[in-house]
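Undergrad: The following block contains a protein sequence and its predicted model.
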Amino acid sequence: MTVVETTYREAMRAALRDAMTRDERVFLMGEDVGRYGGCFAVSMGLLEEFGPERIRDTPLSESAFVGAGIGAAIGGMRPVVEVMTVNFSLLALDQILNNAATLLHMSGGQVAVPLVIRMTTGAGRQLAAQHSHSLEAFYAHIPGLRVLAPATLEDARGMLWPALLDPDPVILFEHGSLYAVSGPLEDAAPEVDITSAAIRRAGVDVTVVAWGGCLGKALAAAETLAAEGISAEVVDLRVLRPLDSATVLASVRRTHRAVVVDEGWRSGSLSAEVAARIAEEVFYDLDAPVERVCSAEVPVPYAKHLEDAALPQAETVAAACRRAVGAGG
Amino acid sequence: MLAQMVRIRRFEEACVQLYSQTRIRGFMHLCIGEEAVAAGVMGALAERDAVVSTYREHGHALARGLPMPEVMAEMFGRASGSSRGRGGSMHLFDTTRRFYGGNAIVAGGLPLAVGLGLAERMQHRDGVAVCFFGDGAAAEGEFHESLNLAALWRLPVLFVCENNLYAMGTSIERELAVPDLALHAAAYGMPAWPVDGMDVEAVDQATRRALDDVRSGEAPVFLEMRTYRFRAHSMYDPELYRDKAEVAHWRERDPVEVFAARLRGEGVAVDEELTLVESAVAAEIAEAVSFAEAAPLEPVEDLTRFVHSEEGQR
Ligand SMILES: Cc1ncc(C[n+]2csc(CCOP(=O)(O)OP(=O)(O)O)c2C)c(N)n1
């Protein structure tokens, strides 16, 4: 087993290549995935390797090609459908919610939809409101979907294959700021568990729950806090639906404090769901109110200082942790 | 084909009765008047073809071979129903017969049919994906996206538009800038032609010809079935948008009567045959109703089954 320096983007590409090699029913379809190489360059080179049948450029028709992915899955294929960003996926929300997530139940268990949809999410690159939103909570709201947020190189490399083995629809959210992140990765990446959250850093004073693009910020905050003598445990939620509350609750039982970081808007968010579960299940273990660090309730602005101010940052996470442990902030 | 149309007609008439007795609930859309489309298209399909239908699908389902007792049990919301009581009138499914619903989102089934056609192509099979939808669906974006994609990739999809002139209470002139549906299909480079949807033989012949074209791999084909629903849009519709004279006019073209008259003209002993058919259908319906009535309810403990796949059904 060798360890190589790689990027999140390359890890994702390796996962696609691996899946297409393992199972000839797997194909990738989406806007500009072929000749262009993927709008985030994830599928660069795959067209040459696998040909236009399996690396399939689609017209700008989110609803039709996501729906065609669902139909192809029903028809015996294992499609991976790429939607450029979660903002655009709203044009396909009908297909995802009314068909992909619903057909199995509505057909009394007959029509399973083994489909994987990949989409980019998140802000931080000054792309303004129509390219920056974190709408994971919309999808995490829907029964019948599995929603994953790979935040690490291991997860980027390892989540796709188990997602394809899942007989039901899976959505993979790739945070746009992660593609260029690099680090060491085993070249034969082990398979990743797609049912549970992961503890990325152990700690005893406060539990920080984060996922996707916010995981790095949470870990950076934990680093800062460690220098101040505060030990933060960082839980990578990773599976946004069905939620693995057990891991979160067990952590909070140990640390007695919780801070939930969410790049989505606070109102009606995933952070609200996590906080509610903590309140419902481990209320008497808490030594402080649950803190939430979310995006400001504005469409994400373009100007850098405004965008930064709108998003959770390592410093705002650290401040919330200090408040939780009563260390001022 | 005559027997099939009579079977659909009587089944739906029985449903009306059962609905008024509140044994069937929810939205229920009848295809009375449109039976020639269901019987004609389904009769021309092969088992390997995949079918995507709409909320007005009783006729499609029965003509496709879904057992009437299971269809009736679904309307009753029973565990023995086609969809275990989770779908109802609008969501009949039977994967063993490649019948993929029962879709109540207008135009929502079109992309699925495109994908089913893609799956046929990519697996080197020669099944065709057949998609039913109404004239109202032609105003939706998904209609245009789907026609474009199917034509662009030359997929084996047969689009069957049931043009009954109304989308609920909105007449086709008030919903489409260009009410000639073949022109829409032509814009995507797809062969398209109108068919007399009140004439089951015309439907049968047009479907066979279209399927030959699609199977030979040239491109998708679009059929515009000109038809009419004799009854209201759904059981809740007071039908204020069209006058009785118009309905009466179309009733003169009743697909069952038209076909029977033609056969009579050809010297076929239609009336004797119809007597036999009627009694067989009456017996089939009675059996379906008693099956549905006796069928168990899905246990409430099983409410959350089939949200995700279970072991054993993968
Ligand atoms: C996306 C969507 N919008 C609205 C409705 C409500 N609705 C149900 S049936 C219908 C009319 C559809 O007309 P058409 O497609 O011509 O089919 P027909 O009922 O004539 O068979 C409408 C508006 C719906 N089910 N789905």
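TA: Received, thanks. Residues are numbered from 1 along each chain as shown, chains lettered A, B, ... in the order given.
Undergrad: looking only at pLDDT, what's the mean for whichever helix in chain B runs longest?
TA: The helix of greatest length in chain B, counted in residues with DSSP state H as the criterion, is given as helix B:270-294. Per-region confidence: helix B:270-294 scores 97 on mean pLDDT.
Undergrad: and the residue of the stretch 151-300 of chain A nearest chain B?
TA: Nearest residue of the stretch 151-300 of chain A to chain B, counting by CB to the nearest CB: A:P167, 3.9 Å away. From N, CA and C alone the C-beta is placed, and that goes for glycine too.
Undergrad: Number of residues surrounding that residue?
TA: Burial measure for A:P167: 18 neighbouring residues, criterion other CB atoms under 10 Å in any protein chain shown.
Undergrad: so what's it closest to, chain neighbours aside?
TA: For A:P167, the nearest residue in space outside its immediate sequence neighbours is B:S309; the separation is 3.9 Å by CB to CB, 6 or more residues apart in numbering or on different chains.
Undergrad: hmm, back to that, please see if the longest helix of chain B touches chain A.
TA: No. Between helix B:270-294 and chain A, judged by CB under 8 Å from any CB of the partner chain, nothing touches; the nearest distance is 14.8 Å.
Undergrad: Please work out which residues outside that helix touch it.
TA: Where contact means CB atoms under 8 Å, 6 or more residues apart in numbering or on different chains, the residues beyond helix B:270-294 that reach it are B:2-3, B:6-7, B:10-11, B:14, B:18, B:23, B:68-69, B:71-73, B:75-76, B:78, B:80-81, B:260, B:263-264.
Undergrad: Try it again at 7 Å.
TA: Residues from elsewhere that reach helix B:270-294 (CB atoms under 7 Å, 6 or more residues apart in numbering or on different chains): B:3, B:6-7, B:10-11, B:14, B:68-69, B:72-73, B:76, B:78, B:260, B:263-264.
Undergrad: Residue ranges in chain B under the pLDDT threshold?
TA: Across chain B, the stretches falling below the confidence threshold (pLDDT under 70) are B:311-314.
Undergrad: Quick one: name the residues of it near chain A.
TA: B:50, B:83-84, B:86-87, B:91, B:93, B:95, B:100-101, B:105, B:108, B:111-116, B:118-120, B:122-123, B:141-142, B:145-146, B:148-149, B:152, B:305-309, B:313-314 (CB under 7 Å from any CB of the partner chain).
Undergrad: could you redo the last one with a cut-off of 6 Å?
TA: Within chain B, the positions near chain A by CB under 6 Å from any CB of the partner chain are B:83-84, B:86-87, B:91, B:93, B:95, B:105, B:108, B:111-112, B:114-116, B:118-119, B:122-123, B:142, B:145-146, B:149, B:306-309, B:314.
Undergrad: Can I get stretch B:31-43 in PDB? Just the C-alpha atoms.
TA: Taking only C-alpha atoms (Å, rounded to 0.1, in the frame of the first residue of the first chain), the coordinates of stretch B:31-43 have been written out as PDB:
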ATOM      1  CA  CYS B  31     -60.400   7.400 -19.100                       C
ATOM      2  CA  ILE B  32     -64.000   6.700 -20.300                       C
ATOM      3  CA  GLY B  33     -64.000   7.700 -23.900                       C
ATOM      4  CA  GLU B  34     -60.200   7.200 -24.300                       C
ATOM      5  CA  GLU B  35     -60.200   3.400 -24.100                       C
ATOM      6  CA  ALA B  36     -59.100   3.000 -27.700                       C
ATOM      7  CA  VAL B  37     -55.800   4.500 -26.900                       C
ATOM      8  CA  ALA B  38     -55.100   2.200 -24.000                       C
ATOM      9  CA  ALA B  39     -56.300  -0.900 -25.800                       C
ATOM     10  CA  GLY B  40     -54.700   0.000 -29.100                       C
ATOM     11  CA  VAL B  41     -51.300   1.000 -27.800                       C
ATOM     12  CA  MET B  42     -50.900  -1.800 -25.200                       C
ATOM     13  CA  GLY B  43     -52.000  -4.400 -27.700                       C
END
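Undergrad: re the thing from before, tell me the spacing between the residue of the stretch 151-300 of chain A closest to chain B and B:G43.
TA: Separation of A:P167 from B:G43 (CB to CB, to the nearest Å): 34 Å.
Undergrad: Now do the contacts for the spatially most central residue of chain B.
TA: Taking CA atoms, centre = their mean, the centroid of chain B lies closest to B:H60, which sits 3.5 Å from it. Applying CB atoms under 6 Å, 6 or more residues apart in numbering or on different chains to B:H60 gives the contacts B:38, B:53.
Undergrad: State the three-state secondary structure for it.
TA: Three-state call for B:H60 (DSSP: H, G, I helix; E, B strand; the rest coil): helix.
Undergrad: got it, and A:V83?
TA: Secondary structure, three-state DSSP: A:V83 is strand.
Undergrad: Specify the beta-bridge partners of it.
TA: A:M119 (DSSP bridges).
Undergrad: shouldn't it be in contact with A:S89?
TA: Yes. Look at A:V83 against A:S89 with CB atoms under 6 Å: they come within range, at 4.5 Å.
Undergrad: which neighbours do the two share?
TA: Counting by CB under 6 Å, 6+ apart, the residues touching both A:V83 and A:S89 are A:M119.
Undergrad: Just give the number of residues close to B:E218.
TA: Summarising burial for B:E218: neighbours were counted as other CB under 10 Å, giving 13.
Undergrad: Now it: closest residue in space that isn't a chain neighbour?
TA: Excluding its sequence neighbours, the residue lying closest to B:E218 (CB to CB, 6+ apart) is B:R154, at 7.0 Å.
Undergrad: so the one you found sits in a strand?
TA: No. Inclusion of B:R154 in a strand is not indicated when three-state DSSP is applied; the result is coil.
Undergrad: ok, back up a step: separation between the residue nearest to the centre of chain B and chain A?
TA: Computed with CB to the nearest CB, to the nearest Å, the distance linking B:H60 and chain A is 15 Å.
Undergrad: List the contacts of stretch A:116-127.
TA: Where contact means CB under 6 Å, 6+ apart, the residues beyond stretch A:116-127 that reach it are A:80-83, A:85-86, A:89, A:132, A:134, A:163-164, A:170-177, A:213, A:263, A:300, A:302, A:304, A:307, A:311.
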